[in-house]
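Student: Sequence and computational prediction follow.
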Amino acid sequence: MGVMSTVSSGQHTRPMCYLLLLMILQLGLHTAEGVWPLPQTLISSTERFHLSPQAFYFGYGRQSAAQQGCSVLDAAFKRYFALIFPDYTSGRWNLFSDKNEKDGTLPFNVDKQFTVEVSVDHNDCDGYPNESSSERYNLSVFSGRASLKAVTVWGALRGLESFSQLVYQDDFGSYFVNKTDIKDFPRFQFRGILLDTSRHYLPVQAILKTLDAMAYSKFNVFHWHIVDDPSFPYQSRTFPDLSSKGAFHPMTHIYTQSDVRRVISHARMRGIRVLPEFDSPGHTKSWGKGQPDLLTPCYKGGIPSGTFGPINPALPSTYHFMATLFKEVSVVFPDSYIHLGGDEVDFSCWKSNPYVRAFMQKMGFGSDFTKLEAFYMENIVNITSALNKTSIVWQDVFDYHERIPKDTVLHIWKGTPASYYAELSRMTKAGMRVVLAAPWYINHISYGQDWHNYYTVQPLNFSGTEEQKKLVIGGEVCMWGEYVDATNLTPRLWPRASAAAERLWSDEKQTSNVDMAFPRLQDFRCKLVRRGIQAEPLYVGHCKQEYQGI
Amino acid sequence: MKLRPSCLLIKLRLISGSCDFAASTNMLLLLKFAVLLLTLGLCQGNRQPNILVEDVEDVEPAFEPSRFGSLWPLPQKVKISQDSFKLGSSFRIVDGKGSSAGSSCNILQNAYRRYYEYIFGGAKRQGLGKNRRSAPSELTELRVYITSADSECDGYPSVKSDESYDLSVVQPFAVLRAPKVWGALHGLETFSQLVYEDEYGAKSINATAISDFPRFAHRGILLDTSRHFLPVKVILANLETMAMNKFNVFHWHIVDDPSFPYLSRTFPQLSQQGSYHPYTHVYTPADVKMVIEFARLRGIRVVPEFDTPGHTQSWGKGQPDLLTPCYSGATPSGTFGPVNPILNTTYDFMAQFFKEISSVFPDGYVHLGGDEVDFTCWKSNPDIQKFMDAQGFGKDYSKLESFYIQKLLNIVTTTKKGYIIWQEVFDNGVTLKPDTVVHVWIGSGTNEEMSKVTAAGYTTILSAPWYLDYISIGQDWRNYYKVEPLNFNGTEKQKALVIGGEACLWGEFVDATNLTPRLWPRASAVGERLWSSKDVTDLNDAFNRLSVHRCRMVERGIPAEPLFYSYCPREYKGL
């Protein structure tokens, strides 16, 4: 392929990768390398088995703790059937092999039968994934059957995703899977995506679609930055004025309780936790519209200026309100974490307010407003602790308040690699658990293959003991909403976020080379497009089935 | 036209984390210009470490309704009064009596229907009958008059087309007058932009007088269908959006190194061998026809580009001996370079090929490329070296390039087409016809180049500041907007030779998945620069109008991305 190497402009030249990609596409080297993110261990052979949608079944293993009727897996079988056989439309298929074998009702018996037999150790079909859920699975593909074994249904979901990615079509449209053996588990427990529904409202459909794509990349936490300064779309049962006054529009730009339930349920079915963030005391402009006296009145020349600052930490009513709100939130959102924000608090308004200053004196904070901020956050953390929830906060809170309760999770968002490595060292040395987001601010776009930057992050490359490194529980891709809404969210997120997904799931040694990753990620992005996810191209090239929307 | 090192020289600034919210929900309903409600605030930087934002020397604008409503691009002369009329259920767009275009004029009849649907949101509210009496403040008709003897209804737009129009919205009939259908199309778009919903959701319009014409005749968008194949549907959607922004040239960069999707009747092997896939990733003659007609109905020219002698790797697959064999030492290396300029067969092929192109594409111009020719392969080839010696070119390969281009231009001249070429062809001193259009794309020394090209008496179009494939976080539309195309040293006569510009969306990182939101509304900024008067430069007013215009595009089904945090009353539903 001299194609790219003769293009004169250096910035467009990536001949090696292109060559590799074409080899894979043209020679049909469909190996288990087709799984993204790369499994921990994977052995595959060139021996391949034909799959026919008319003779393909999912079933439960005899020893499995979950059996037919398991909501999570039953739904997953249905979903993955369509993902494995995207061309299959006649609809004449059945889920459970046992039944069909006994009944002998199969219309097409010419094809050799293939069964994916799923076994799990725990029947957690009706539960929610949580911070300690095992996602480990073993998948073996033999002639006529595949065996998928997992501790939990969540692990089984990950295995089904891998299986679906192993199946490929030849030039004549026939489906095949190679003999394969996978033993897999995630490197990090917490693999998140943040969506910001305050700066732009995202229709529920956009969120659900993102959850689908998250499952394809084995993400397991949806961090819902649901409210912020610009708008308050969460419709609270207890305080309906928050959204009726604080949303962009009180009828069309809100998340009703049933919307929220739908998101949580859709996420659960895909093994994804929904982590809500109600960021305070800063980033709360929109709260003030529906909750009088919550925000601090700013003063100018001895009188209120009419503008408002962060939440007013000097009033008891504030804590009463927050306790009531978080009580609701803790019931609505089943996850054991609640994100409390705590970032970027501007002190100028607090400083201007005589009552806040008087409170500072009374509390003995002097003129150190970080103490006031720490006081506020401590109160909020206590509220969530009382609700048996784990607090997660942005790094600012640790930076100004190192005595934060030990079970709080810290979220790093700032800085260059040097500075976030230093922060990782400090935090883990203090015994705190940490989630790293700083290298994955994916709302920052630039020309070229910036996925390289997300891929080559080394989250544990900071100085610290093995014990310290275990405290890094994962990472998160953040898509802040200043420039993003339903029109451009999906192509901006995918497949760039998938690069981070492999970093968070796979073994770093096996996945450190971007040139090796390139053809695999190209291939994966075409799979996403085939599945209806509007994932943008990495570079020049094509997919067999291009995106059919606009 | 791909290498643009200097265009990335941008001012950088670290955004602070401060956040200043300036909501402006209050005045919206009072102002009747706005079609759509929009709330925008002023906020910079949320948890954004090390954000480098392009050129933020000006304060970020806070949204407030413009006195020009949501008009985009801003017409040359606008007068909007406070008197408003309702568009009732019996509202119709009709041919004016005595118009030179009648009911057989497809362009207009299709446009009436299109704009009726845009105005009423597709939900057709049929009137109960013509006898219904109109309310006192109701606008019942928009009457469209084509005022010159030849409406050009059945023709194609050209660089010389008259696109002017006058629009008068008074009771009970609004009147749109244009010499040609092309102006009428723009007038219909403008009319649709004047319509807004009052607080009860009723369609309303203010008494308005507009007199309008474009500042530049050539207002183009380049799409690249070689680096990624774009399904026809995507091309059509962008033609539709171009019309909403009064663009009038679709520069179809149809083939290039990576793939050759154009299905040639004369040389079917070109796409058979050179496309990504010979059936799914090609443009058949019917596809091309459809694109051209769809464009014509919207007053848009389709200018195809068949770039040679460089950027032709994909041509070589289906046309043996067309490309130069590269040598490694004394033997062919198996790779190929630019088109082989020393063989007669090359010119026979080009003559046949461009004969086909000239009949398939009705526009008066064809873009011949001519950019970025890499000489290393030519240098390696002993036959080429011999030819160079025989021609007395010495070691100057740009002379060989000129030799090729010269012969190609002569070929194309026989097809009665004018041609557009990238600036290198001019720079290399190739003899050009007086009506040649030189396309300036290189980001450094752009003004000097514009001076030189126009001093030599050639017409020119500008793309250098408008490479929309370059992206960054922030409101980069402002940079496109601030460009002044005539900001170079030259006489008035020279400046008159600048016939327009093009926004280019090269395809390295763009396909159907992300093209539309990446192009719109950023290209809209270029659209206004090329249409509106030179003194329309107020960034705040532009932000206010463009914010609503972008929501209008969203409402019309185009996923145009947001300018900044905000909302549209009807968010994008096309997921």
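Tutor: Thanks, I have it.

Student: mind listing the strands in the stretch 451-550 of chain A by residue range?
Tutor: Using DSSP state E, counting those that start in this stretch, the strands assigned to the stretch 451-550 of chain A run over residues A:472-479.

Student: Contact residues of it facing chain B?
Tutor: Taking C-beta under 8 Å from any C-beta of the partner chain as the criterion, the stretch 451-550 of chain A approaches chain B at residues A:478, A:480-488, A:490-492, A:529, A:534-542, A:544-550. Yep, even glycine has a C-beta here, placed from its N, CA and C like the rest.

Student: Double-check B:T459 against B:H439; I have them as touching.
Tutor: No. If you go by C-beta atoms under 8 Å, B:T459 and B:H439 don't touch, sitting 10.2 Å apart.

Student: Of the residues of the stretch 451-550 of chain A next to chain B, grab the buried ones for ChimeraX.
Tutor: This is the ChimeraX syntax for the buried subset of these, where burial follows 16 or more other C-beta atoms under 10 Å in any protein chain shown:
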select /A:478,480,481,482,483,484,485,486,487,488,490,491,492,529,534,535,536,537,538,539,540,541,542,546,547,549,550
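
Student: What ranges in the chain fall below the confidence cut-off?
Tutor: Went with chain A since none was named. A:1-33, A:89-111, A:402 (pLDDT under 70).

Student: Sorry, I should have been clearer: chain B.
Tutor: Scanning chain B for pLDDT under 70 picks out B:1-62, B:122-136.

Student: Quick check: nearest residue in space to the residue of it positioned farthest from its centre, chain neighbours excluded?
Tutor: No residue in chain B sits farther from the centre than B:A330, which is 46.9 Å out by C-alpha atoms, centre = their mean. Ranked by C-beta to C-beta, 6 or more residues apart in numbering or on different chains and with sequence neighbours excluded, the top spatial neighbour of B:A330 is B:P382, at 7.6 Å.

Student: distance of the one you found from B:L409?
Tutor: Going from B:P382 to B:L409 by C-beta to C-beta, to the nearest Å gives 28 Å.

Student: what does A:S64 give?
Tutor: For A:S64, the distance to B:L409 (C-beta to C-beta) stands at 74 Å.

Student: who touches A:Y80 in this structure?
Tutor: A:58, A:160-161, A:163-164 (C-beta atoms under 8 Å, 6 or more residues apart in numbering or on different chains).

Student: Is it located within a helix, as I assumed?
Tutor: Yes. Checked against DSSP: H, G, I helix; E, B strand; the rest coil, A:Y80 lies within a helix.

Student: measure it to A:R158 for me?
Tutor: Counting by C-beta to C-beta, the separation of A:Y80 from A:R158 is 12 Å.

Student: and for these two, which residues touch both?
Tutor: Counting by C-beta under 8 Å, 6+ apart, A:Y80 and A:R158 have no contacts in common.

Student: so A:K289 makes contact with A:S244?
Tutor: No. A:K289 lies out of contact with A:S244 (C-beta under 8 Å); the separation is 9.1 Å.

Student: So these two - more neighbours on which side?
Tutor: A:K289 (21 against 17; other C-beta atoms under 10 Å in any protein chain shown).

Student: so that one, which of the three states?
Tutor: Here A:K289 is recorded as helix under three-state DSSP.

Student: So which bits of the stretch 201-350 of chain B are right by chain A?
Tutor: Going by C-beta under 8 Å from any C-beta, the residues of the stretch 201-350 of chain B near chain A are B:227-229, B:231, B:233-234, B:237, B:257-259, B:276-277, B:280-281, B:310-311, B:313-314, B:326, B:334-337.

Student: buried set for the host helix or strand of B:I357?
Tutor: Of the helices and strands defined by DSSP states H and E, B:I357 is found in helix B:344-360. By neighbour count with 16+ other C-beta under 10 Å, helix B:344-360 contains the buried residues B:346-347, B:349-351, B:353-354, B:356-358, B:360.

Student: go on, stretch B:312-321?
Tutor: B:312-319.

Student: cool, and stretch A:498-514?
Tutor: The neighbour-count check on stretch A:498-514 (16+ other C-beta under 10 Å) flags A:498-506, A:511, A:514 as buried.

Student: Fine, thanks again, bye for now.
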